[in-house]
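K.L.:
Give me a 3D structure for the following:
(one chain, ligands or ions: 1)
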Amino acid sequence: MTPAAPPDADADADDLRRPVAPPEAFALDPAIVHLNHGSFGACPRAALDAQAAWRARLEAATMRFFVVDWPDALATARAAVAAFLRADPAGLVFVPNATTGVDTALEALVEPGADILTTDHGYAACRHALDRLAAARGARVVVAHLPFPTRDAHAHVDAIAAACTPATRVALLDHVTSPTALVLDALAVTRALAPRGVHVVVDAAHAPGQLDVDVAALAAAGVAAWTGNLHKWACAPKGAAALWVRDDLRARVAPLVTSHGFGAPAATRYHAAHDWTGTHDPTPYLTAPTAIDTIAALGGGWPAVRARGHRLACAMRDVVCDALGVAPPAPDAMIGMMAAIPVALPADLPPRTLERRLLDAGWEVAIAAPAPHPVPGTPSVRVCAHLYNHLGQAEALARQLRALGVRGAPPPA
Ligand SMILES: Cc1ncc(COP(=O)(O)O)c(C=O)c1O
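P.N.:
Numbering: from 1, shown residues only. Coordinates of the predicted model:
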């Protein structure tokens with residue numbers, strides 16, 4: 001075997017200085033600096049065109065489309081998405097977003113009087129779902145504290161396992177946390193909790209595209225359910241996500257809306273019930289494979305897209321951290337294609353005001369706020385790195401933040 005050539009550091013740095021694909025390839029306004037791919041994604045024009053073609057076909061002959069064409073088209077899209085996620089298509093259904101996926105799984109799995117385990121880095125909307133179900137069913141939400149900043153890429157696994165009580169029946173775990181942009185070890189957490197009789201629900205809203213997702217590995221570890229957005233990092237049109245449920249739980253995990261599919265024979269009911277929840281626009285699902293293929297073609301394959309996104313996210317974080325006078329808050333091993341920097345804000349610039357001020361100046365940047373979310377305690381600036389991003393954007397953002405009086409958050413006492 002010939003040894004691999006040493007990596008060319010200069011070429012690598014150059015590669016971060018220019019976008020792989022211009023914002024116009026994504027229908028993004030080039031006058032705006034787009035540093036928040038994480039919240040709502042961005043869809044390549046080629047996928048939007050493919051979606052328009054599906055819509056035209058649907059609108060031209062609605063009955064033919066839904067009665068004859070759609071079931072096979074959906075099965076084809078399901079198979080392609082399942083392959084991308086390394087998931088068994090038998091367990092995979094489309095849902096409009098990860099929020100629906102999380103709610104669907106929790107609705108079925110939260111047991112009266114039991115403990116529900118989650119972390120203090122969870123997504124606020126899903127935390128509302130936990131709190132609502134806990135109140136309705138007399139269950140208790142137990143929150144594992146995950147330190148942030150952190151120097152240890154594995155401490156969170158022990159912290160979550162330590163917070164598991166004998167009464168814990170469900171755990172909701174974010175694979176990539178939203179306010180702190182940390183990649184958690186979903187596999188290790190599942191391996192720790194599933195043998196204790198806990199139904200682990202992985203909220204992988206940010207994982208497809210950003211991480212090399214392996215639902216089969218999580219399934220082998222005993223995960224109960226997994227959901228992830230296709231409209232974030234995989235760049236599908238808005239309204240496309242996947243939900244995968246373990247074999248023995250499929251009869252139990254019903255869609256939140258009951259429709260015709262419930263009349264299907266037991267053997268086909270899981271797909272039938274989730275596939276049809278009343279008339280809706282299925283074109284985001286049907287277009288997801290085109291989006292996945294388009295990003296791969298633009299970026300030289302998904303491994304290359306992820307590798308550059310990771311290097312760029314770390315480099316962007318370092319640039320902003322340097323400018324604001326704060327150390328990178330987490331090891332690179334916990335970074336995917338986005339990174340959060342804890343900040344101290346001027347008294348007259350609370351997080352929502354800063355976010356709005358940046359928006360008005362043409363910057364799309366997520367500012368994570370600690371409230372109403374109880375923890376993590378400091379706000380953070382989150383930067384995202386997809387194909388249309390480059391390092392100069394982070395340098396300009398750092399200058400903009402400094403000009404607004406934003407500084408790095410002092411380390412916790
Ligand atoms: C961890 C997590 N879960 C769920 C969601 C919700 O995604 P959606 O609004 O597409 O349902 C998000 C969105 O950013 C998220 O970060």
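
K.L.:
need the residues of the stretch 251-400 of the chain near the ligand, please.
P.N.:
Residues of the stretch 251-400 of the chain found near the ligand (Cβ under 6 Å from any ligand atom): none. In short, each C-beta sits where N, CA and C put it, glycine included.

K.L.:
For the residue of the stretch 251-400 of the chain found nearest the ligand, give the beta-bridge partners.
P.N.:
At 8.8 Å from the ligand, Ala366 is the closest residue in the stretch 251-400 of the chain, using Cβ to the nearest ligand atom. Per DSSP bridges, the residues bridged to Ala366 are Arg382.

K.L.:
ok, how many other residues are close to it?
P.N.:
Neighbour count of Ala366, defined by other Cβ atoms under 10 Å: 24.

K.L.:
Most proximal residue of the stretch 201-350 of the chain with respect to the ligand?
P.N.:
For the stretch 201-350 of the chain, Cβ to the nearest ligand atom, closest residue to the ligand: Ala205, 3.4 Å.

K.L.:
what does the model give that residue for pLDDT?
P.N.:
The model reports Ala205 with a pLDDT of 98.

K.L.:
same check, this time on Pro412
P.N.:
Pro412 carries a pLDDT value of 72.

K.L.:
gap between it and the ligand?
P.N.:
Counting by Cβ to the nearest ligand atom, to the nearest Å, the gap from Pro412 to the ligand is 23 Å.

K.L.:
Tell me how many other residues surround that residue.
P.N.:
If you count neighbours by other Cβ under 10 Å, Pro412 ends up with 11.

K.L.:
Now do stretch 61-81: distance from first to last residue.
P.N.:
26 Å (Cα to Cα, to the nearest Å).

K.L.:
and what of stretch 380-399?
P.N.:
End-to-end distance of stretch 380-399 (Cα to Cα): 16 Å.

K.L.:
roughly how far out does it sit from the chain middle?
P.N.:
Using Cα atoms, centre = their mean, to the nearest Å, the mean C-alpha position of stretch 380-399 is found 19 Å from that of the whole chain.

K.L.:
buried set for it?
P.N.:
380-391, 393-395, 397-398 (16 or more other Cβ atoms under 10 Å).

K.L.:
for the residue of the stretch 251-400 of the chain closest to the ligand, what are its contacts?
P.N.:
Residues near Ala366 by Cβ atoms under 8 Å, 6 or more residues apart in numbering: Asn36, Gly38, Ser39, Glu355, Val381, Arg382, Cys384.

K.L.:
From what I see, the first one and Ala368 are in contact.
P.N.:
If I follow you right, that is Asn36. No: between Asn36 and Ala368 there is no contact under Cβ atoms under 8 Å: 11.0 Å.

K.L.:
what touches both of these two?
P.N.:
By Cβ under 8 Å, 6+ apart, Asn36 and Ala368 have these common neighbours: Arg382.

K.L.:
circling back: thought the residue of the stretch 201-350 of the chain closest to the ligand was touching Asp174?
P.N.:
Yes: using Cβ under 8 Å, Ala205 makes contact with Asp174 at a distance of 7.4 Å.

K.L.:
where do the contact lists of these two overlap?
P.N.:
By Cβ under 8 Å, 6+ apart, Ala205 and Asp174 have these common neighbours: Tyr123.

K.L.:
and the next element down the chain from the helix or strand containing Ala267?
P.N.:
In the assignment (DSSP states H and E), Ala267 maps to helix 266-275. Once helix 266-275 ends, the next helix or strand along the chain (criterion: DSSP H and E) is helix 283-299.

K.L.:
average pLDDT across the next helix or strand along the chain from that next one?
P.N.:
Downstream of helix 283-299, the next assigned helix or strand under DSSP H and E is helix 302-324. What helix 302-324 shows for mean pLDDT is 98.

K.L.:
Ala291 and Leu109: what is the separation?
P.N.:
Ala291 is 30 Å from Leu109, where distance means Cβ to Cβ, to the nearest Å.

K.L.:
okay, now Pro112: neighbour count?
P.N.:
Using other Cβ under 10 Å, Pro112 has 9 neighbouring residues.

K.L.:
Spit out the contact partners of it.
P.N.:
Arg137, Gly138, Ala139.

K.L.:
what does the model give Thr378 for pLDDT?
P.N.:
pLDDT for Thr378: 85.

K.L.:
residues near it, how many?
P.N.:
Thr378 has 24 nearby residues by other Cβ under 10 Å.

K.L.:
I'd assumed Ile341 was in contact with it.
P.N.:
No: in this structure, Thr378 is not within contact of Ile341 by Cβ under 8 Å, at 10.0 Å.

K.L.:
Return every residue with contacts to both of those two.
P.N.:
Contact criterion Cβ under 8 Å, 6+ apart; residues shared by Thr378 and Ile341: none found.

K.L.:
picking up where we left off before, can you tell me how far the residue of the stretch 251-400 of the chain closest to the ligand is from Ala181?
P.N.:
Separation of Ala366 from Ala181 (Cβ to Cβ): 9 Å.

K.L.:
joint contacts of these two?
P.N.:
Here Ala366 and Ala181 have Gly38, Arg382 as joint contacts, going by Cβ under 8 Å, 6+ apart.

K.L.:
For Glu111, the count of nearby residues, please.
P.N.:
Neighbour count for Glu111, taken as other Cβ under 10 Å: 15.

K.L.:
That one and Ala136 touch, don't they?
P.N.:
No: the pair Glu111 and Ala136 fails to qualify as a contact (Cβ under 8 Å) at a distance of 11.9 Å.

K.L.:
Mind listing residues that contact the helix holding Ala267?
P.N.:
Taking contacts as Cβ under 8 Å, 6+ apart, the residues outside helix 266-275 that touch it are 71, 74, 90-91, 93-95, 243, 245, 250-251, 253-255, 258-262, 264.

K.L.:
What ranges does the stretch 101-250 of the chain have for its strands?
P.N.:
For the stretch 101-250 of the chain, the strands defined by DSSP state E, counting those that start in this stretch occupy 115-119, 140-144, 168-174, 199-203, 225-229, 241-245.
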